[in-house]
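**Q** Just the structure for this:
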Amino acid sequence: MGVMEYQAKLEALGDEALVAECQRAYAHWRDLQARRGPDRDMAYQDYGQVWSTLKKRGLTWTPEESIMTKKQAMAEAIIAAVPDDKIVRLHSEARTIQEGLRALFPEESISWKPQAVSGNRAMAVAYIDARDVQQRLDDVVGVMGWSDTYIVRDSGAVICRLSLRIEGEWVAKEDVGSLSDQPDAGDQLKAAFSDALKRAAVKFGIGRYLYSLPKQWVDFDPQKKRFVREPSLPAWAIPQAPANPETPDDLAAWKNWLALSPDLDAFNEMLDRDYQECEAEQKKRVWPLISEYARKRGWKRNDDLKKFI
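**A** Residues are numbered from 1 along each chain as shown. Have a look, this model is predicted:
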């Protein structure tokens, strides 16, 4: 398994499974320590790769013990004083936010740019727009649950400080964006702001999986500066679309469908078709999901047209 494939596997693991993989990689490396050669070097590389992935998630592990979060020691000291229902709620809130931020983006939200060009071939790099990041933040923590501030350096580089409210506390991460190679100075600076926001968001897990995509060399037109053939995502990087809810009273099915961020046309089409087939009681259960989704996107119901606009 190559480095990129192994990294993709690691990114897909849950926290506990990732710690277990670290234990396995460490044990394998220790077994080969007395030897010299590529097997030992590869085992050490795997161990280092797992360790690096743990660190990015804020997890730590030592051969003597595994610690599932940096706050665990503190949490254990006060756990007895916190009601069980509140502990479950807070854990669920943090887990929900983490999963929401790390979620895959729809395939149509992914753009591609050439990172390196060789003749009529180019290495394609996937990226998302800053507006996609902003929408993800709105959807997961709400418009009042995040804030961003910026500092422009003399070099033109921009530092973004992105703060999210998680479990009642503000958590901040920073990163730097670079000027683009556009001819207009204003466009260069705007690109640096967007780049800084996206890089800071990656530290919260937004779009981080894009860094684990395998390298792709595809046909490229150096004159028009565009790809002749659109690069493609591997199957694991494409959200699996659930079947259209045939039983509208199944809230989970509707939640999964709305998580795919349908546009206004698809949203109205689903309401005209599936929602109208619901029984009265089913509509009462489904409508709060529908109205909240529309509210977040600024859509309003037009009763005359019988659709959202």
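**Q** So, low pLDDT: which residues of the stretch 101-250 of the chain?
**A** Counting by pLDDT under 70, the stretch 101-250 of the chain shows low-confidence ranges at 241-250.
**Q** Just give me the neighbour total for Arg102.
**A** By other Cβ atoms under 10 Å, the residues close to Arg102 number 17. (Each C-beta comes from the backbone N, C-alpha and C, glycine too.)
**Q** Quick check: the residue nearest to it when sequence neighbours are not counted vs Pro288, distance?
**A** Leaving out its chain neighbours, the residue that sits closest to Arg102 by Cβ to Cβ, 6 or more residues apart in numbering is Gly205, at 4.0 Å. Gly205 sits 28 Å away from Pro288, going by Cβ to Cβ, to the nearest Å.
**Q** Just want to know which of those two has more residues nearby.
**A** Gly205 (19 against 10).
**Q** what sits against the closest residue in space to Ser232 that isn't next to it in sequence?
**A** Spatially, and ignoring its direct neighbours in sequence, Ser232 is nearest to Gln216 (7.7 Å; Cβ to Cβ, 6+ apart). Contacts for Gln216 (Cβ atoms under 8 Å, 6 or more residues apart in numbering) come out as Met123, Ala124, Pro231, Ser232.
**Q** Now tabulate these in TSV and tack on neighbour count.
**A** As requested, these are arranged in TSV below (neighbours: other Cβ atoms under 10 Å):
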residue	neighbour count
Met123	16
Ala124	21
Pro231	20
Ser232	14
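**Q** Show me the chain divided up by domain.
**A** The chain is divided into the following domains under automatic domain parsing: 3-81, 102-237, 251-308.
**Q** Which of these sits closest to Thr96?
**A** Closest to Thr96 of these is domain 102-237 (Cβ to Cβ; 8.2 Å).
**Q** That closest one spans what distance, first to last residue?
**A** One end of domain 102-237 sits 12 Å from the other (Cα to Cα, to the nearest Å).
**Q** can you give me the helices in this protein?
**A** 3-12, 15-31, 38-56, 72-78, 84-102, 130-141, 185-202, 251-258, 264-273, 280-296 (DSSP state H).
**Q** For Asp221, find the nearest of those.
**A** Nearest to Asp221, of all the helices of the chain, is helix 185-202, at 22.8 Å by Cβ to Cβ.
**Q** check contacts around the closest residue to Arg165 other than its chain neighbours.
**A** Distances taken as Cβ to Cβ, 6+ apart place Gly145 nearest to Arg165, at 4.6 Å, with adjacent residues excluded. Gly145 is in contact with Leu137, Leu164, Arg165, counting by Cβ under 8 Å, 6+ apart.
**Q** Pull the number of nearby residues for the first one.
**A** Counted by other Cβ under 10 Å, the residues lying close to Leu137 total 23.
**Q** Please report the distance of the residue nearest to Arg165 from Ser163.
**A** Using Cβ to Cβ, Gly145 is found at 9 Å from Ser163.
**Q** next one: Met144
**A** Using Cβ to Cβ, Met144 is found at 12 Å from Ser163.
**Q** Report the backbone C-alpha coordinates of stretch 255-269 in PDB.
**A** This file holds the C-alpha atoms of stretch 255-269, laid out as PDB (Å, rounded to 0.1, in the frame of the first residue of the first chain):
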ATOM      1  CA  LYS A 255     -31.600  14.200   7.100                       C
ATOM      2  CA  ASN A 256     -29.100  12.300   4.900                       C
ATOM      3  CA  TRP A 257     -30.600  13.700   1.800                       C
ATOM      4  CA  LEU A 258     -30.500  17.300   3.100                       C
ATOM      5  CA  ALA A 259     -26.900  16.700   4.200                       C
ATOM      6  CA  LEU A 260     -26.000  16.500   0.400                       C
ATOM      7  CA  SER A 261     -26.800  20.200   0.200                       C
ATOM      8  CA  PRO A 262     -29.400  20.100  -2.600                       C
ATOM      9  CA  ASP A 263     -29.900  23.300  -4.600                       C
ATOM     10  CA  LEU A 264     -33.100  25.200  -4.800                       C
ATOM     11  CA  ASP A 265     -34.500  23.400  -7.800                       C
ATOM     12  CA  ALA A 266     -33.700  19.900  -6.400                       C
ATOM     13  CA  PHE A 267     -35.200  21.000  -3.100                       C
ATOM     14  CA  ASN A 268     -38.500  22.100  -4.600                       C
ATOM     15  CA  GLU A 269     -38.700  19.000  -6.800                       C
END
